[in-house]
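S.K.: Just a sequence and a predicted model for now, questions to come.
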Amino acid sequence: MALDYETPSSRVSKAASITGWIIGGLPALMMIGTGTLMYITSPGKMKEGMKQFGYPESVALWIVVAEVVSALLYLIPRTSVLGAILMTGYFGGATATHVRVNDPKFVVPIIVGIFIWLGLYLRDRRVRALIPLRS
């Protein structure tokens, strides 16, 4: 028998849910905002960043699309796990890019990725079942 998305056994406490939405939702919203705003309002700055990290300017739009789509999927409860997986790939690429050019800020995408999964862990009991933390 298939379970509905929100069965009583899949719910978490209200405090955990709110905390999870804040911890994971803020970075996701920032990804959507900065990705789209940077591409629309500062295309020159974005092109400069692409060049600095060794990417052709032509991939900027596709990187923004990947960023925004994965963050949107993360914010939709039914697709949040898929969104988290895609965001993990995105931040893995960001980490590798920073490491490749010896940028000490490589730790930032790692921390954001941890927040994304921590937020999902707090708000979704199914993720807790997959990743049981025991004392």
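M.R.: Nice, I can see it.
S.K.: rest of the way, CA atoms for contacts and neighbours
M.R.: Noted.
S.K.: tell me, what residue is most central in the protein?
M.R.: M87 (3.9 Å; CA atoms, centre = their mean).
S.K.: Identify the spatial nearest neighbour of it, chain neighbours not counted.
M.R.: Among residues not flanking M87 along the chain, S70 sits closest, at 5.6 Å (CA to CA, 6 or more residues apart in numbering).
S.K.: can you tell me which residues contact the residue nearest to the centre of the chain?
M.R.: With contacts defined as CA atoms under 8 Å, 6 or more residues apart in numbering, the neighbours of M87 are 67, 70-71, 113.
S.K.: Apply 10 Å and report the result again.
M.R.: By CA atoms under 10 Å, 6 or more residues apart in numbering, M87 lies in contact with 28, 31, 66-71, 73-74, 81, 93, 112-113, 116-117.
S.K.: re earlier: give the next helix or strand downstream of whichever strand or helix holds the residue nearest to M87.
M.R.: Following DSSP states H and E, one finds S70 within helix 60-75. For helix 60-75, the succeeding helix or strand toward the C-terminus, using DSSP H and E, is helix 80-100.
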